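Novice: Here's a sequence, model it:
(one chain, ligands or ions: 2)
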Amino acid sequence: MLVLKFGGTSMGSAEAIKKVADIVKEKLQHESLFLVVSAMSGTTDLLLNCGAKAAADDESYKELLKQIETRHLDAVKALIPVQHQSSVLSMVKKYCNEIEDICNGIYLLSESSLRTKDKLVSYGELLSSTIINAALNHAGIVAVWKDARELIRTNANYGNAAVDFAVTNQQIKDYVQQANAKLIVVPGFIAGNEEQITTTLGRGGSDYTAAILAAAVDASALEIWTDVSGMMTADPRWVANAKIIPSISYQEAMELSHFGAKVIYPPTIQPVLSKNIPTWIKNTFAANDHGTVIEFKSESSNIITGISSINSLALLSLEGSGMIGIPGFSSRLFAALANAQINVILITQGSSEHSICVGVDAALAGRAKEVVDKAFEYEINSDKVEPLQIEEQLSIVALVGDQMRHHTGISGRMFSALGRNGINIRAIAQGSTERNISAVVAAADVRKAVNVLHEEFFETTKKQVNLFIVGTGNVGKKLLDQLKQQQSFLEQQLRLQVNIVGLSNSRKMLIDENGIDLAKWEDSLANAEQADLQAFVQSIIKRNLRNSVFVDVTANAAIAGVYASLLEKSIAVVACNKVAASSQLSNYKKLKHLSSEFNAPFLFETNVGAGLPIIGSLNDLMRSGDRVHKMEAVLSGTLNFVFNNYDGSRPFAEVVKQAQDEGYTEPDPRLDLSGVDVMRKILILSREAGVQMEMEEISCNGFLPDSCMQGSVADFYEAMKKEEAHFKAIYDKAHAENCKLKFVASFADGKAGVGLQHIPPQHDLYHLYGKDNVVLFYTDRYKEQPMVVKGAGAGAEVTASGVFADILRAAQK
Ligand SMILES: Nc1ncnc2c1ncn2[C@@H]1O[C@H](COP(=O)(O)OP(=O)(O)O)[C@@H](O)[C@H]1O
Ligand SMILES: N[C@@H](CC(=O)OP(=O)(O)O)C(=O)O
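Specialist: Ligands and ions are numbered 1, 2, ... in the order given. As a prediction, this is how the structure comes out:
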């Protein structure tokens, strides 16, 4: 005999029920069947909700009752031909009337007991099993319906009754023998006690019904049909890359289900394990998929089989000096919890014996405090023990696998992966079977934790990076082009799946967790919501996605102001914006500190020399113990371009405009022309060279007349035109000395300065063309001959590629 169980998801609509009928028909060709069904999906919750509303004197329960009735009547109408519907419709109607009577009773009494709740929810399975039984018979498949309450005997622990296996097994065997039927339809989840009163086997308990039947009749197999193609390495609603586990041991399945893998109800395994009955998880909507087989395995080949989580946990800590060395404290704690029917999910105790910490379902925390404080009343009153402390809003994330005990370093990898992503671990437990390592984390972090661990243990070949990009100007656009062009290369060659989750400019912002399509980002952004920097940042933090990188491709001070709030949430920051690194020294230091404390890269290579490897090379020198004595540099692509192209033959203002049009200048070119931009750069280099420097300490020998510094950018161009003679004179003077004009930044003996200089032909800085930058580093190791980094130091394309390189660095941390 074969036992098939179809869950609520497989019974959710007439369409789905037709698929169930097809599968049953096919299976019947080979074997006789027990068919166990759950309530149509959502029905159990609806029934409980009706009861709760009625008990709270809320008359709207009547609307819910209508929904339940309509849903089931509709299913009958869709499944059974009109001329045969009446008897089933009247059966459904009769059940619905009974539900209404019960709810009316609850409403009148303003109260409902666990026993009444069991009676109420039993109608979900009674309805669904009646409907499928009728549908099968009308389709010519002969089926008999059997009330599970007459087969499965339990105690009277309503809501989660315990099975009396001796009576149950006998009842099932007797019935099967007497019925002699090919197909027996049974409502799942419900059972009966000695007095024939309805009980239930706990939420999700239809799986258990099926396992009990399978074990009683020594079934050839148990098949649990649901809406996924098997047990997966993690909950597929959370982890997009979760994979089907083709085969798994009973113990691993038990451990995974205990730790939240909802696809199977934990008690299900015990009956089938004791009879060694292979148990399949199969997909009603993809019946040919292999699915998962749960079976006996002497040696499983998996080190880690799956990752699951329990999402509502409270940690209870009992602490006090009176606990040390005195036996019996823990047994009293556990006895108090057990007597109150509070299940302990996790236990940790430090070797000092000064405290003991247990995890329980968050809903039971209040009750736990009552009973434990009562049990230790004497010790609490005499200050030997503190009143029970409760910490809520926690979750457990667990790694499960038979082979963990044979492999060292698994927990190390687990904790460091969580740590790298800024997930704080509140408590740890490892089962003595070493089949499970559990970490307690904040509930807000659990989804991220499951994803981080899944990536660490199952997606070793691929890593997902989640980008939040602000700025879609010259550099931003180029960056998006480059990302689009490289996306598949990165995935195939570097195994990096780069997901652009957020995109914002000063007008609009767009967030899409599945990744913004880079082929049409401009349209999507144009139609997105109004930009709001704080809302954007909060949304990044709230999403709490692993490997998040914030990318600032603006020159905006407000945006530089949000880095700290991101770094302290372990979100990496990549910026071509120089404002933060050149801000007050205290702010620069704070950001550096947050970056190291929260393990979140803060990278700004493009702050100096665009895509040139200037800061990275300097960092390498410093990290390897070198010391910088002197730096000499031309760091403004704009100024270099301007002085390389200006010879008085066309106006200075026109050359500046060309530099702006070609994308070398800051949005306000006065930042470049005044020397401020170069001051920022030498300041950043000095700081990266280990010097504590403020912007005010840098001297500036500027060349721009005061008249050019007033008003708007348009006013600036007008003013430059009027000052043409001033610029011509500067040029002529240098030319007369056979020198070129270079705006030089220098650092020596801990001091920095910038200014326009006459550079003679033999000078290192003379041969510098176009928009090129150059830096000469004189260090302990590069004494006479400096280390030179030289090349195009401005332009959207090269800046974008420098930002891109920083993103990859942050991603591969
Ligand atoms: N590790 C896991 N493997 C497979 N499914 C899982 C896992 N963890 C959680 N699930 C979820 O369990 C769901 C199936 O359980 P459930 O809704 O109770 O189905 P049914 O109504 O068929 O009993 C799946 O749709 C899936 O989203
Ligand atoms: N209907 C019950 C029992 C059950 O097992 O349902 P499902 O198979 O849909 O998880 C519940 O919702 O708890």
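
Novice: And the residue of the protein closest to ligand 2?
Specialist: Proximity of the chain to ligand 2 (C-beta to the nearest ligand atom) peaks at Gly8, 2.8 Å away. Using the backbone N, CA and C atoms, a C-beta is placed for each residue, glycine as well.

Novice: Quick check, pLDDT for that residue.
Specialist: On pLDDT, Gly8 comes in at 96.

Novice: Ligand 1 versus that one, what's the distance?
Specialist: Separation of Gly8 from ligand 1 (C-beta to the nearest ligand atom, to the nearest Å): 4 Å.

Novice: Over to Asp626?
Specialist: Distance, Asp626 to ligand 1, by C-beta to the nearest ligand atom: 52 Å.

Novice: Please list the residues of the stretch 1-150 of the chain that sit near ligand 1.
Specialist: Gly7, Gly8, Thr9, Ser10, Ser38, Ser41 (C-beta under 6 Å from any ligand atom).

Novice: same check, this time on the stretch 301-450 of the chain
Specialist: For the stretch 301-450 of the chain, the contact set with ligand 1 under C-beta under 6 Å from any ligand atom comprises Gly306, Ser308.

Novice: Contact partners for Met231?
Specialist: The contact partners of Met231, taken as C-beta atoms under 8 Å, 6 or more residues apart in numbering, are Ile244, Ile245, Ile248, Ala253, Leu256, Ala261, Val263, Ile264, Ile281, Thr292, Ile294, Gly306.

Novice: can you tell me which residues contact the first one?
Specialist: By that I understand Ile244. So Ile244 contacts Ser229, Gly230, Met231, Met232, Thr233, Asp289, His290, Gly291, Thr292 (C-beta under 8 Å, 6+ apart).

Novice: Measure how buried the residue of the chain closest to ligand 2 is and give me the count.
Specialist: 25 (other C-beta atoms under 10 Å).

Novice: Who are the contact partners of it?
Specialist: Here Gly8 is in contact with Ser38, Ala39, Met40, Ser41, Gly42, Thr43, Thr44 (criterion: C-beta under 8 Å, 6+ apart).

Novice: If we go by neighbour counts, what in stretch 314-328 is buried?
Specialist: Ala314, Leu315, Leu316, Leu318, Glu319, Gly320, Gly322, Met323 (16 or more other C-beta atoms under 10 Å).

Novice: and what of stretch 569-584?
Specialist: 569-583.

Novice: Excluding chain neighbours, give the residue nearest to the residue of the chain closest to ligand 2 in space.
Specialist: Closest residue to Gly8 apart from its sequence neighbours, by C-beta to C-beta, 6 or more residues apart in numbering: Ser41 at 3.6 Å.

Novice: Pretty sure that neighbour sits in a strand.
Specialist: No - under the criterion used here (DSSP: H, G, I helix; E, B strand; the rest coil), Ser41 is coil, not part of a strand.

Novice: Is it in contact with Phe6, as I believe?
Specialist: No - using C-beta atoms under 8 Å, Ser41 makes no contact with Phe6, being 10.8 Å away.

Novice: the more surrounded of the two?
Specialist: Neighbours per residue (other C-beta under 10 Å) separate Ser41 from Phe6, with Phe6 holding more: 28 against 18.

Novice: Show me what the strand ranked longest in the chain is packed up against.
Specialist: In the chain, with assignment by DSSP state E, the single longest strand is strand 306-319. If you count contacts as 3 or more C-beta pairs under 8 Å, 6 or more residues apart in numbering; DSSP states H and E, strand 306-319 packs onto helix 250-258, strand 344-349, strand 355-361, helix 365-375, strand 389-400, helix 446-458.

Novice: Tell me the first helix or strand C-terminal of that strand.
Specialist: helix 329-339 (DSSP states H and E).

Novice: out of the contacts of Ile244, who has the most neighbours?
Specialist: Most neighbours among the contacts of Ile244, by other C-beta under 10 Å: Met231, with 29 neighbours.

Novice: Apart from its chain neighbours, what residue comes closest to that one?
Specialist: Closest to Met231 by C-beta to C-beta, 6+ apart is Thr292, at 4.2 Å.

Novice: Repeat that for Arg627.
Specialist: That would be Asp780: by C-beta to C-beta, 6+ apart, it lies 4.9 Å from Arg627.

Novice: so what's the residue nearest to Met231 up against?
Specialist: So Thr292 contacts Gly230, Met231, Ile244, Ile245, Pro246, Ser247, Ile248, Trp280, Ile281 (C-beta under 8 Å, 6+ apart).

Novice: Would you map out the domains in this protein?
Specialist: Listed domain ranges for the chain are 2-227, 306-458, 463-607, 615-794 (source: automatic domain parsing).

Novice: Output those in TSV; the columns should cover distance to Lys275.
Specialist: As requested, these are exported to TSV (distance: least, C-beta to C-beta, whole Å):
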stretch	distance to Lys275
domain 2-227	5
domain 306-458	21
domain 463-607	42
domain 615-794	63
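
Novice: and Val272, which of those domains is closest to it?
Specialist: domain 2-227 (5.0 Å; C-beta to C-beta).

Novice: what's near enough to touch the residue in the chain positioned nearest to ligand 1?
Specialist: Residue nearest to ligand 1 within the chain: Gly7 (2.1 Å; C-beta to the nearest ligand atom). By C-beta under 8 Å, 6+ apart, the residues touching Gly7 are Ser38, Ser41, Ser206, Asp207, Ile224, Trp225, Thr226, Asp227.

Novice: Please check the residues you listed and keep the buried ones.
Specialist: Ser38, Ser41, Ser206, Asp207, Ile224, Trp225, Thr226, Asp227.

Novice: In strands, which of those fall?
Specialist: Going by DSSP E, the strands hold Ile224, Trp225, Thr226 from the buried ones among the contacts of Gly7.

Novice: pLDDT and distance to Asn424 added to the residues you listed, as a markdown table?
Specialist: Output for those, formatted as a markdown table (pLDDT from 0 to 100; distance: C-beta to C-beta, whole Å):
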| residue | pLDDT | distance to Asn424 |
| --- | --- | --- |
| Ile224 | 98 | 37 |
| Trp225 | 98 | 40 |
| Thr226 | 97 | 34 |
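
Novice: And for stretch 588-605, what's in contact with it?
Specialist: Against stretch 588-605 from outside (C-beta under 8 Å, 6+ apart): 419-420, 422, 563-564, 566-578, 580-582, 611, 613-616, 684, 687, 802, 805-806, 809-810, 813.

Novice: for Tyr158, helix, strand, or coil?
Specialist: Once three-state DSSP is applied, Tyr158 turns out coil.

Novice: Tell me, how many residues neighbour the nearest residue to it once chain neighbours are set aside?
Specialist: Nearest residue to Tyr158, sequence neighbours excluded (C-beta to C-beta, 6+ apart): Leu114, at 3.7 Å. Leu114: 15 surrounding residues under other C-beta under 10 Å.

Novice: Please report the distance of Leu114 from Leu635.
Specialist: According to C-beta to C-beta, to the nearest Å, Leu114 stands 75 Å off from Leu635.

Novice: ok, now Gly690?
Specialist: Taking C-beta to C-beta, one finds Gly690 at 19 Å from Leu635.

Novice: what does Gly51 give?
Specialist: 73 Å.

Novice: quick revisit: next, count neighbours for the residue nearest to Arg627.
Specialist: 11.

Novice: contacting residues for it?
Specialist: Contact analysis of Asp780 by C-beta under 8 Å, 6+ apart lists Asp626, Arg627, His629.

Novice: got the contact list for the second one?
Specialist: This points to Arg627. Counting by C-beta under 8 Å, 6+ apart, Arg627 makes contact with Gly690, Thr779, Asp780.

Novice: follow-up on the earlier one: quick one: which of Gly51 and Leu635 has more around it?
Specialist: With neighbours defined as other C-beta under 10 Å, Gly51 and Leu635 compare such that Leu635 has more, 28 against 23.

Novice: Okay, now the unreliable bits of the chain?
Specialist: 298-302, 325-326, 350-353, 431-433, 460-461 (pLDDT under 70).

Novice: Spatially central residue in it, please.
Specialist: Lys448 (3.2 Å; C-alpha atoms, centre = their mean).

Novice: Appreciated, that's everything.
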